[in-house]
Each structure stands twice: as C-alpha cells, then as structure tokens.
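**Q** with the sequence up front, the predicted model follows.
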Amino acid sequence: MKILTGNDLGTGDVIWWAGDGWSRQVGDSVDVGDKGDELARAEEAALRVVGAYVIDATVDEEGVRPAHIKDRIRALGPTVRPDLTLKPNDADAGNWVI
C-alpha cells in the first residue's frame with residue numbers, strides 16, 4: 001500500500017491524503033497506488049500541502065500503519081510531550097515505534 005503525507009500549509013500539522021481531501025488521522029489514509037507523486041504535485045500547486053511525499057504502509061484490522069518508524073512517529077505527534085500527541089483510531093498506536 002502507498003499513502004501520501006505532507007504538512008498542512010497553514011498550520012504545519014502532519015496530514016494524510018484521505019481520498020477526497022486531507023486528514024490529521026493516518027487511519028483515514030487511502031491507497032494512492034502509482035498516482036501518488038502526481039497527486040502530491042497537484043496538491044502542492046493548489047497550496048493545500050507542503051512537502052508531500054508517498055510512503056509505504058500496511059493495513060490490517062486495526063487500520064493503516066506507516067511502514068517506516070519516521071512516519072509512525074509523525075503520525076502520532078510530538079514525542080517529547082505525550083500529552084500533545086494525536087489520539088489515533090488504533091488504541092495500540094503508542095507501540096508502533098517500538
């Protein structure tokens with residue numbers, strides 16, 4: 001599975017392509033297949049996202065999970081302030097980075 005991520009141009013938040021727009025929840029991500037780079041360029045040109053790129057991910061009964069630890073950390077939020085992390089749909093998300 002390939003998903004698209006980047007940062008919201010206005011807030012800097014990590015965002016994920018949900019098929020019909022962007023979401024702050026990685027669980028809302030959809031497979032972009034081989035259209036990810038084209039979609040990233042279009043969304044950046046429309047000034048909706050900055051630094052968009054395609055990543056590998058897996059999907060299981062718990063939902064979408066980035067394959068690389070860097071993007072797993074990005075999906076959860078700040079590591080130095082656990083009280084500020086996102087509360088993803090996957091209750092076990094805190095174990096993603098281990």
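**A** Thanks, I have it. Numbering: from 1, shown residues only.
**Q** how far out from the middle of the chain is the longest helix seen in the chain?
**A** Counting residues, the longest helix found in the chain (DSSP state H) is helix 36-45. Computed by CA atoms, centre = their mean, to the nearest Å, the chain-centroid distance of helix 36-45 equals 15 Å.
**Q** buried residues, that helix. List them.
**A** 36, 39-40, 43 (16 or more other CB atoms under 10 Å). Every residue, glycine included, has its C-beta placed from N, CA and C.
**Q** so after that helix, what's the next helix or strand?
**A** Using DSSP states H and E, the helix or strand that follows helix 36-45 in sequence is strand 49-60.
**Q** quick check: which ranges of the protein have low pLDDT?
**A** Residue ranges of the chain with pLDDT under 70: 78-98.
**Q** can you give me the strands for it?
**A** 2-8, 14-17, 22-23, 49-60, 63-66 (DSSP state E).
**Q** would you turn these into a markdown table with mean neighbour count?
**A** Formatted as a markdown table, those follow (neighbours: other CB atoms under 10 Å):
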| stretch | mean neighbour count |
| --- | --- |
| strand 2-8 | 20 |
| strand 14-17 | 24 |
| strand 22-23 | 18 |
| strand 49-60 | 15 |
| strand 63-66 | 21 |
